[in-house]
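Asker: Provided below for reference: sequence and predicted model.
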Amino acid sequence: MRIAYLHGGGMPSPFANGVHVMRMCDAFAAAGHEVTLYSMPGSDEDPYTYYGVRHRFPIRLVACPDYTSSGYWKRAKDIRTLMADGPTPDLVYGRDPYALTALRNVAPLVYEIHQLREDLSPADTEEELLGAPRLVRVVAITHALARDLREKYAALGPLPIVVAPDCADPPGPAPVEGLPLPGRPDALRVGYVGHLYDGRGIGLVLELAERFPSVDFHLVGGTDEDRTRWQRACGSPHVYFHGHRPPAVLGEYYARFDVVLAPYERKVYTWGRLGETGRWASPMKVFEYMSHGCPMIASDLPVLREVLHDRVNCLLRPPEDPDAWAGALDELITDSALRRRLGAEGRRQVLERYTWRRRADVVLSGIGDQLTARTGSVG
């Protein structure tokens, strides 16, 4: 199929949504589809190298004149005009409700949603999109989000929702020489990878560092502003802030960690506290941890229990209970067999259930047959 993927963010960018979009486009290309990504301009890095994707699918950059609803609608119309110059896609897929709505009469639509949107203007934009006759599927990242979406739009009747969690790529061969990390060569390494926004549990990580002076803690990610803020709050000399790293090189860090942390709080905020997503989150880093066989301690939250199971593929502890987290970390430090067992099971589950390539098949399952029945052929 010819797939037009609509992304409402910059490319490349330091944000997780860019990783998700590039991984999905790469997976669609690996499945044999002809995919074109429509994105906003981002930084100057080569996006294929920055994200470490295998396929060089076309990326068409469409700027937004300003970050207001009128600017997003103007950009949506520009995408529609740009798309008219080439072959009509068989399917329009994406996370950008403005552009999807503008293209609702061009081709069948798949709308992927990661949170309930309360920021759209006009307020009924998402409702109009979900009621579009050519909408063939809604992809939600968690069952919790799917339930809330059905409840919010109950007046539209049954929505064609497919639940597809975030995923990870299987790791490549381990580097011959390990990534050099600061710290003590004989110390166990505890890692955290991700942004340092409010709700990510960074305060808990720093408290654990104070309780375990013989362990080195490494935090990878975060904006310069957030990193500076947490470094000032950190009183432990064995905590190392590595800053943002391109997604393509994160595997080198995972390979050096003995234990990893996913200490999400009950309210998880996006950049600038523009949204709160803790109720619906499907964190990519959890799957990346599992993919690399890293033994993990994670927050015991209902949405994470859709994937994580205590003493099966991780240790789950309440995010507001530092003593419980300290006990879990102490258990993993002293029990190498438990570390190996949890890491191996996590990796097995990712390879079996949670690869991007498998997700591409899940979110498109049966759509090709629907389009063939409707048009007689699919390009």
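Answerer: It's in.
Asker: Report the residue spans of the protein with pLDDT below the cut-off.
Answerer: Counting by pLDDT under 70, the chain shows low-confidence ranges at 174-176, 268-277, 369-379.
Asker: my read is residue 5 is in a helix, agree?
Answerer: No - under the criterion used here (DSSP: H, G, I helix; E, B strand; the rest coil), residue 5 is strand, not part of a helix.
Asker: Wasn't residue 67 part of a helix?
Answerer: No - counting by three-state DSSP, residue 67 falls outside a helix, being coil.
Asker: Quick one: neighbours of it, just the number.
Answerer: Residue 67 is surrounded by 9 other residues when neighbours are defined as other C-beta atoms under 10 Å. Every residue, glycine included, has its C-beta placed from N, CA and C.
Asker: repeat for residue 147
Answerer: Around residue 147 there are 14 other residues, counting by other C-beta under 10 Å.
Asker: likewise residue 34?
Answerer: One way to gauge burial is a neighbour count; for residue 34, by other C-beta under 10 Å, it gives 16.
Asker: So for the protein, which residue is the most central one in space?
Answerer: In the chain, the residue lying closest to the centroid (C-alpha atoms, centre = their mean) is residue 284, at 4.1 Å.
Asker: That one against residue 19, yeah?
Answerer: Yes - the criterion here is C-beta atoms under 8 Å, and residue 284 meets it with residue 19 at 6.3 Å.
Asker: what's the burial count for the closest residue to residue 140 other than its chain neighbours?
Answerer: Excluding the flanking residues, the one nearest residue 140 by C-beta to C-beta, 6 or more residues apart in numbering is residue 146, at 4.2 Å. For residue 146, the tally of surrounding residues (other C-beta under 10 Å) stands at 19.
Asker: measure residue 146 to residue 111 for me?
Answerer: With distances taken as C-beta to C-beta, to the nearest Å, residue 146 is found 13 Å from residue 111.
Asker: next one: residue 144
Answerer: When distances are taken as C-beta to C-beta, residue 144 and residue 111 turn out to be 18 Å apart.
Asker: can you pull the contacts of residue 97?
Answerer: Taking C-beta atoms under 8 Å, 6 or more residues apart in numbering as the criterion, residue 97 is in contact with 111, 117, 120, 125-126, 129.
Asker: Now intersect those with the helices, please.
Answerer: Per DSSP state H, helices hold the following members of the contacts of residue 97: 125-126, 129.
Asker: ok so, going back, tell me which of residue 144 and residue 111 has more neighbours.
Answerer: residue 111 (27 against 18).
Asker: So that one sits against residue 140, correct?
Answerer: No - under the criterion of C-beta under 8 Å, residue 111 makes no contact with residue 140, lying 9.6 Å away.
Asker: so what sits against both of the two?
Answerer: Once C-beta under 8 Å, 6+ apart is applied, it turns out that residue 111 and residue 140 contact no residue in common.
Asker: so what secondary structure elements neighbour the lengthiest helix in the chain?
Answerer: Of all the segments of type helix in the chain, defined by DSSP H, the longest one is helix 336-353. When contacts are defined as 3 or more C-beta pairs under 8 Å, 6 or more residues apart in numbering; DSSP states H and E, helix 336-353 sits against helix 284-291, helix 322-334.
Asker: who wins for proximity to residue 92 among the ones you listed?
Answerer: helix 284-291 (23.6 Å; C-beta to C-beta).
Asker: so the closest one versus helix 336-353, what angle?
Answerer: Using axes from the mean of the first three to the mean of the last three C-alpha atoms, to 10 degrees, one finds that helix 284-291 and helix 336-353 are set 110 degrees apart in direction.
Asker: Against residue 27, how distant is residue 55?
Answerer: Note on residue 55: its distance to residue 27, by C-beta to C-beta, is 9 Å.
Asker: Neighbour count for these two, which is higher?
Answerer: More neighbours sit around residue 27 than around the other of residue 55 and residue 27, counting by other C-beta under 10 Å; the figures are 25 against 13.
Asker: Under a three-state scheme, what state does the more buried one occupy?
Answerer: Note that with three-state DSSP, the state of residue 27 is helix.
Asker: Skipping its backbone neighbours, what lies nearest residue 19 in space?
Answerer: Leaving aside its sequence neighbours, residue 19 sits nearest to residue 247 (C-beta to C-beta, 6+ apart; 5.1 Å).
Asker: quick one, phi/psi of the one you found?
Answerer: For residue 247, the backbone dihedrals (degrees, to the nearest 10) come out as phi -50, psi -30.
Asker: So what's the residue count around it?
Answerer: Once other C-beta under 10 Å is used to define contacts, residue 247 is seen to have 21 neighbours.
Asker: Ok, residue 179 next?
Answerer: Other residues near residue 179 number 12, with proximity taken as other C-beta under 10 Å.
Asker: Let me see the residues that make contact with stretch 218-231.
Answerer: Outside stretch 218-231, the residues that reach it (C-beta under 8 Å, 6+ apart) are 14, 181, 183, 189-197, 202, 205-206, 239-245, 250, 253, 256-257, 271.
Asker: Can you tell me which of those are buried?
Answerer: Restricting those to buried positions leaves 14, 181, 183, 189-197, 202, 205-206, 239-242, 250, 253, 256-257, with burial counted as 16 or more other C-beta atoms under 10 Å.
Asker: Can you tell me which of these end up in helices?
Answerer: When the buried ones among the contacts of stretch 218-231 are checked against helices using DSSP H, the ones located there are 202, 205-206, 250, 253.
Asker: Take those and lay them out in a markdown table including distance to residue 82.
Answerer: Written out in a markdown table, the entries for those read as follows (distance: C-beta to C-beta, whole Å):
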| residue | distance to residue 82 |
| --- | --- |
| 202 | 41 |
| 205 | 44 |
| 206 | 47 |
| 250 | 33 |
| 253 | 38 |
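Asker: Name the nearest residue to residue 305, ignoring sequence neighbours.
Answerer: Counting by C-beta to C-beta, 6+ apart, residue 316 is the residue found nearest to residue 305 once chain neighbours are left out, at 7.4 Å.
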